[in-house]
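> Sequence plus predicted model, see below.
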Amino acid sequence: MRLKKHSKPGAAPGLEALTKGRLAARVPVTVIDYTEDTVTERRLTTVEECRPLKESDSVSWINVDGISDVDLVAHMGKIFGLHPLALEDCIHVPQRPKVEFFESNVYIVTQMITPESPEGEQVSIFLGKDFVITLQEKPGDVFDPVRNRIRRAGSLLRKHKADFLAYSLVDAIIDGYFPALERFNDEYEEIEDEVVNNPAQQTTEGIHRLKNMLAAYRRITWPERDLVNALLRHETPLITDECRLYLKDCYDHIIQVLDVIETYRELMAGMMETYMNSISLRMNQVMKLLTVIATIFMPLTFIAGIYGMNFNTRQSKWNMPELNWAYGYPFAMALMLAVTVVMLLFFRRKQWL
């Protein structure tokens, strides 16, 4: 579990304390600017290139692949009128998924989960009148289907405004939970087979790893439901009624994710108990086998002990004739074999073997 980063105690709110004395680290900033008829993609060299996008009639998607350049984030916030507290939450990760409504924009914090990154990665989304700004912790995301839809002429996304783009990004993040859960299911089935067939020490480690992973999924996805619900219910001119219809579908997706997670929680609750029962059953089988072996050797030891005393009783009425008998040794071995066979047949009849 990642711990949330904080400013120094008593520091001023916003990014002011973070920008002082800090060297800027350049991060990639890309822009996709589109209308129903045109699409333009480019990579920015300076933040000032974003300024004309604020007043343009087209929809602009500005994506920042990294949050290490605090000066860049602060400068972009001044250009688009983003609240300093929202910008601070972009830098201080991870934040709980949430949505905050401001006068000129909507700030969305969501967590992106991929099979390669089960702990989640924070994605901050700013929705304005004609722009959407996304800030990711690092390069790599689940937004390629959205980019492809923008590039495709006549797509539904290009016929709508920025609110539909923001919805598409949130929906892509939520849809990205399903592949992560599928990978979790594959690992769960492997551990389940080990628990039933061959429980070992590493099986316990696998169970705890899956439980921690599932707890992380649940910690991320539960607030996502509240996030989408807030976008549906809050009255803001930045989100149209038509977009809210699509947000209802997004809400259904997150409910499906939560149902799957709750099902796995119930399964995981019984997996450790099943593991302990498997270990106990295996131990009982081992003890049963050892008990049978020890029981078989008890009469054999008794016979060997009698004939191992080597008392010479030729001058006594208590004679042990087998000591001087030519076939004494084969007789003793045959006697032991007969006792073993009789005991095995007895155990078999009693269904102890």
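Perfect, thanks for sending it.
> biggest strand in the chain, by residue count?
As assigned by DSSP state E, the longest strand anywhere in the chain is strand 117-127.
> Would you mind pulling up the elements that it packs against?
Packing contacts for strand 117-127, counted by 3 or more Cβ pairs under 8 Å, 6 or more residues apart in numbering; DSSP states H and E, involve helix 84-91, strand 106-114, strand 131-136, helix 162-175, helix 201-233. Where you see a C-beta, it was placed from the backbone N, CA and C, and this is true even at glycine.
> what inclination does it have with respect to strand 131-136?
Interaxial angle, strand 117-127 versus strand 131-136 (axes from the mean of the first three to the mean of the last three Cα atoms, to 10 degrees): 160 degrees.
> the bottom helix or strand of this structure by mean pLDDT?
Among the helical and strand segments of the chain, the one scoring lowest on mean pLDDT, DSSP states H and E is helix 16-19, with a mean of 50.
> next structured bit after that one?
strand 29-34 (DSSP states H and E).
> I'd like the average pLDDT over that next one.
Mean pLDDT, strand 29-34: 95.
> Show me what the following helix or strand past that strand is packed against.
Using DSSP H and E, the helix or strand that follows strand 29-34 in sequence is strand 39-43. If you count contacts as 3+ Cβ pairs under 8 Å, 6+ apart, strand 39-43 packs onto strand 29-34.
> So which other helices or strands are in contact with the strand it packs on?
If you count contacts as 3+ Cβ pairs under 8 Å, 6+ apart, strand 29-34 packs onto strand 39-43, strand 59-65, helix 144-151.
> what sits up against that strand?
39-44, 47, 49-50, 53, 56, 58-65, 72, 147, 150, 158 (Cβ atoms under 8 Å, 6 or more residues apart in numbering).
> Among the helices and strands packed on strand 29-34, show me which one is buried the most.
Mean neighbour count (mean count of other Cβ atoms under 10 Å) peaks for strand 59-65 among those, with a mean of 22.
> partner strands of that one, parallel or antiparallel?
Neighbouring strands of strand 59-65 in its sheet, by DSSP bridges, are strand 29-34 (antiparallel), strand 131-136 (parallel).
> mind listing what's buried in the last one?
For strand 131-136, the neighbour count (16 or more other Cβ atoms under 10 Å) marks F131, V132, I133, T134, L135, Q136 as buried.
> Could you chop the protein up by domain?
Domain assignment for the chain, taken from automatic domain parsing, gives 16-278, 283-349.
> Which of those domains has the lowest mean pLDDT?
When I compare those, domain 283-349 is least confident, with a mean of 77.
> how far is that domain from where the chain is centred?
Centroid separation for domain 283-349 versus its chain: 60 Å, with Cα atoms, centre = their mean, to the nearest Å.
> what's the first-to-last distance across that domain?
Start to finish, the residues bounding domain 283-349 are 23 Å apart (Cα to Cα, to the nearest Å).
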